[in-house]
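Trainee: quick one, structure for this:
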Amino acid sequence: DSAAESAREGFRIDQRMAAAVALEPERALLRLWSRPQTGLSFGRYHRLPDHGLVQRRSSGGRVVPVGPGVLGLTLAVASADWLAIGGPALRPDQILNRALRPLLTGLRALGVDAFYGGRDLVTAQGRALAYATFCPFADGVLVVDQLLAVSTSFSELGRLSSELDPG
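Mentor: This is a model prediction of the structure:
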């Protein structure tokens with residue numbers, strides 16, 4: 001549990017996690033984190049605007065809000081094959097399905113009727129509840145990020161985007 005951390009600290013920890021699982025392929029690392037300040041988290045390949053509340057994460061995917069009320073989960077494994085131990089290799093469109101299973105199980109145990117219909121979004125009663133993204137590194141290591149709206153609505157994205165990144 002990394003608790004509240006800056007985006008820079010989180011990115012550094014993600015890189016260390018990726019390096020650690022590359023050295024020990026049977027190992028997986030998972031961390032929970034949050035940001036102390038409201039901001040926007042951009043995927044690995046986005047061009048970042050020059051603004052202190054705009055952050056980059058190690059995985060790809062769309063822009064999502066972060067900050068108090070959003071719980072982040074970052075998983076690092078040596079390869080996508082780690083998610084399919086004993087089974088056939090996963091296609092890229094199957095990676096998030098497999099990585100999200102523990103989150104969906106946990107939410108359902110809490111009485112939340114969570115649904116993953118594909119791509120990068122988990123919903124409950126038609127509302128966005130979580131976003132998930134992943135990025136395979138050149139050495140095969142896979143980093144998966146899951147961002148869960150705990151007490152903040154992802155509908156804030158439009159307002160935050162206009163406020164934090166007017167361009």
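Trainee: where does the chain have low pLDDT?
Mentor: The model of the chain has pLDDT under 70 over residues 1-2, 45-54, 56, 157-158, 164-167.
Trainee: show me where it has its helices.
Mentor: 7-23, 92-109, 157-164 (DSSP state H).
Trainee: closest to S59 out of those helices?
Mentor: Nearest to S59 among the helices of the chain is helix 7-23 (8.3 Å), distances taken as Cβ to Cβ. C-beta: built from backbone N, CA, C; applies to glycine.
Trainee: what's that closest one in contact with?
Mentor: Identification of contacts with helix 7-23 by Cβ atoms under 8 Å, 6 or more residues apart in numbering yields 2, 5, 27-29, 31, 33, 35, 39, 41, 55-58, 66, 72, 74, 76-78, 137, 139-141, 143.
Trainee: want to throw the helices of the chain into TSV with distance to S151 and mean neighbour count?
Mentor: Listed next are the helices of the chain as TSV, based on distance: least, Cβ to Cβ, whole Å; neighbours: other Cβ atoms under 10 Å:
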stretch	distance to S151	mean neighbour count
helix 7-23	20	16
helix 92-109	15	15
helix 157-164	15	14
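Trainee: can I get the buried part of the contacts of helix 7-23 as one ChimeraX selection?
Mentor: Applying 16 or more other Cβ atoms under 10 Å to the contacts of helix 7-23, the buried members can be selected in ChimeraX as follows:
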select :5,28,29,31,33,35,39,41,55,56,57,58,66,72,74,76,77,78,137,141,143
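Trainee: just checking, which of the contacts of helix 7-23 belong to strands?
Mentor: When DSSP state E defines the strands, the subset of the contacts of helix 7-23 inside them is 28-29, 31, 33, 39, 41, 55-56, 66, 72, 74, 76-77, 143.
Trainee: dump those to JSON lines, plus distance to A114.
Mentor: Formatted as JSON lines, the ones in strands among the contacts of helix 7-23 follow (distance: Cβ to Cβ, whole Å):
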{"residue": "A28", "distance to A114": "22"}
{"residue": "L29", "distance to A114": "24"}
{"residue": "R31", "distance to A114": "21"}
{"residue": "W33", "distance to A114": "20"}
{"residue": "G39", "distance to A114": "25"}
{"residue": "S41", "distance to A114": "21"}
{"residue": "Q55", "distance to A114": "26"}
{"residue": "R56", "distance to A114": "27"}
{"residue": "V66", "distance to A114": "20"}
{"residue": "G72", "distance to A114": "17"}
{"residue": "T74", "distance to A114": "19"}
{"residue": "A76", "distance to A114": "23"}
{"residue": "V77", "distance to A114": "22"}
{"residue": "V143", "distance to A114": "22"}
